[in-house]
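K.L.:
The following block contains a protein sequence and its predicted model.
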Amino acid sequence: MSGDWIVNVAGAALIAAIVWWFWIARPRVVKAQSDLVEIVVANGVYTPARIEAHAGTPITLRFLREDPSPCAEQVVFDTLGVSAELPLGEAREVTVTPPAAGEYDFTCQMQMYRGTLVVK
């Protein structure tokens with residue numbers, strides 16, 4: 001009985017960490033220094049996952065897929081109506097023009113890999 005509180009505290013800490021990781025934590029925003037940003041697709045994430053862009057200005061995202069998972073085969077910008085196949089080990093450029101300020105998500109086709117264009 002004396003060790004029960006340790007298990008409860010450890011369980012609560014684990015739950016808090018999961019909530020923070022999946023729903024609260026946000027990756028830092030990378031400001032596009034030019035009209036080309038390189039994104040690596042590996043280990044279940046896009047790196048960088050939050051990219052700042054300007055409304056009405058085309059931005060080219062060069063995706064390099066290192067993850068052989070079938071989920072990583074495609075990137076989808078649902079609200080912009082753009083998608084592209086991402087061949088393994090090859091760079092694929094996707095050019096989008098965000099029409100207005102806001103946040104535009106990009107995901108894999110199963111929405112497990114997630115990224116965001118933060119448009120000013």
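P.N.:
Great, that's in hand.
K.L.:
For the residue sitting nearest the centre point of the chain, list the residues it contacts.
P.N.:
With distances taken as Cα atoms, centre = their mean, the residue of the chain nearest its centroid is residue 115 (2.2 Å). Counting by Cβ atoms under 8 Å, 6 or more residues apart in numbering, residue 115 makes contact with 39, 46, 48, 49, 50, 51, 105, 106, 107. To be clear about C-beta, it is placed using only N, CA and C from the backbone, and glycine gets the same treatment.
K.L.:
Quickly list what the first one is bridged to.
P.N.:
Beta-bridge pairing for residue 39 (DSSP bridges): residue 63.
K.L.:
what sits against it?
P.N.:
Residue 39 touches 46, 47, 48, 51, 61, 62, 63, 64, 115, counting by Cβ under 8 Å, 6+ apart.
K.L.:
May I have the secondary structure class of the last one?
P.N.:
Put plainly, it is residue 115. Classification of residue 115 using DSSP: H, G, I helix; E, B strand; the rest coil returns strand.
K.L.:
Against residue 63, how distant is it?
P.N.:
10 Å (Cβ to Cβ, to the nearest Å).
K.L.:
between those two, what contacts are shared?
P.N.:
39, 46.
K.L.:
re earlier: quick one: which of the contacts of residue 39 has the most company?
P.N.:
With neighbours taken as other Cβ atoms under 10 Å, the top of these is residue 61, carrying 25 neighbours.
K.L.:
element containing it?
P.N.:
For residue 61, the host element (DSSP states H and E) is strand 59-65.
K.L.:
CA-only coordinates of that strand in CSV, if you can.
P.N.:
Extracted in CSV, the C-alpha atoms of strand 59-65 (Å, rounded to 0.1, in the frame of the first residue of the first chain):
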residue,chain,number,x,y,z
ILE,A,59,6.4,30.0,-51.2
THR,A,60,8.1,26.8,-52.3
LEU,A,61,8.5,24.0,-49.8
ARG,A,62,11.1,21.4,-50.6
PHE,A,63,10.2,18.2,-48.9
LEU,A,64,12.8,15.5,-48.4
ARG,A,65,11.2,12.2,-47.4
